[in-house]
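Visitor: Fold the following, please.
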Amino acid sequence: MTLYADTAAHRTRQVLGDLLTLGLRVLAVVAGRAVYRQLNGLAGQTRSLGDAATASTGQLRDGVANLGTIPLVGDQLSGLLGQVQAFTGQTAVSLHGQAAKLHTEAVTAGMAVAVVGVLVVAAVWLLTRARWVRRASLLRRGGPDAEEALALSALVHASPRLLHALGSGLTARWRAGDPTAVRSLAAVERTRMGIRQPR
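Guide: Now for the predicted structure:
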C-alpha cells in the first residue's frame, strides 16, 4: 500500500495537503484553547466578585457585632445590617457557584471545539487519502479491464482540453475498443492520479 503518488507534482500536492491538514488540526486546538480562555476569564471575574462579596460579608459580620453594643438602637441597626450581611453571604455563595459552572463550561466548550475540529479534519483527510490509496492500488494492478476502467475514468474526470489534445472522435474510438485510444486515455488517468506509467 502506497500513501503517496509516484509523480513528483502529485506527491508534492499530497504533502502540501498533509501539511495543510496538520495546520488545520493545530488551528482547531488553538481555537479550543481560545474558547477555554475566554470562558474561563468570565469564570475568574465571577470568582473575584464572589471573593469580594465574601470579604464584605465578614466586614458586615463585624459591624453587626459592634452595632449590637449601641444602647437603644443597637439591636435594630444590627438586625438591619444582619439582613444585608445574609444577602451578601448568599450572593457570595451564588457567585462562587456560577464561577465553578463557568469553569466547567469553559473546559467542556474548549475541549469540544478542539476535539471536534481535529476529528473532522482528520476524517476528511483519512477518507480522501483512503480513496486515493484504493484507486491507486487498483490502477497499479493493471490488466485489460484496468485499462478500460482507466480510460472510462479519464473520459469522466479529465479536462476537455486534455481530451481534445488526444484527437477527434476519441469517444467513438474508445467505444469501438480502439487499443490506442484506450491506452491514451489510461495514460491520461494515470497522470491525473500521479501513478507511474507501466513500462
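Visitor: quick one: low-confidence ranges for this structure?
Guide: Across the chain, the ranges flagged by pLDDT under 70 are 68, 142-144, 198-199.
Visitor: where along it do the helices fall?
Guide: Secondary structure of the chain (DSSP state H): helices at 8-67, 74-141, 144-157, 160-165, 170-175, 179-193.
Visitor: hey, which of these is tucked in deepest?
Guide: Per-stretch averages of neighbours, counted by mean count of other Cβ atoms under 10 Å, single out helix 179-193 among the helices of the chain, with a mean of 19. For glycine as for every other residue, the C-beta is placed from the backbone atoms N, C-alpha and C.
Visitor: Quick one: list the elements packing against it.
Guide: helix 74-141, helix 144-157, helix 170-175 (3 or more Cβ pairs under 8 Å, 6 or more residues apart in numbering; DSSP states H and E).
Visitor: Now do the contacts for Asn40.
Guide: For Asn40, the set of contacting residues under the criterion of Cβ atoms under 8 Å, 6 or more residues apart in numbering consists of 102-103, 106-107.
Visitor: if we can go back for a sec, right, and the helices of the chain - which one's nearest Met1?
Guide: Met1 lies closest, by Cβ to Cβ, to one member of those: helix 74-141, at 5.9 Å.
Visitor: Can you pull up the most central residue in the protein?
Guide: The central residue of the chain, meaning the one whose C-alpha is nearest the mean C-alpha position (Cα atoms, centre = their mean), is Gly117 at 1.3 Å.
Visitor: how near is that one to Ser159?
Guide: For Gly117, the distance to Ser159 equals 34 Å [Cβ to Cβ, to the nearest Å].
Visitor: next one: Thr12
Guide: Taken as Cβ to Cβ, the spacing of Thr12 relative to Ser159 amounts to 20 Å.
Visitor: Also Met111?
Guide: The separation that Met111 has from Ser159, given Cβ to Cβ, amounts to 44 Å.
Visitor: Check Arg173 too.
Guide: Applying Cβ to Cβ, one obtains 19 Å for the distance of Arg173 from Ser159.
Visitor: With Arg37 instead?
Guide: For Arg37, the distance to Ser159 - Cβ to Cβ - is 47 Å.
Visitor: What of Asp51?
Guide: Shown here: Asp51 relative to Ser159, a distance of 67 Å by Cβ to Cβ.
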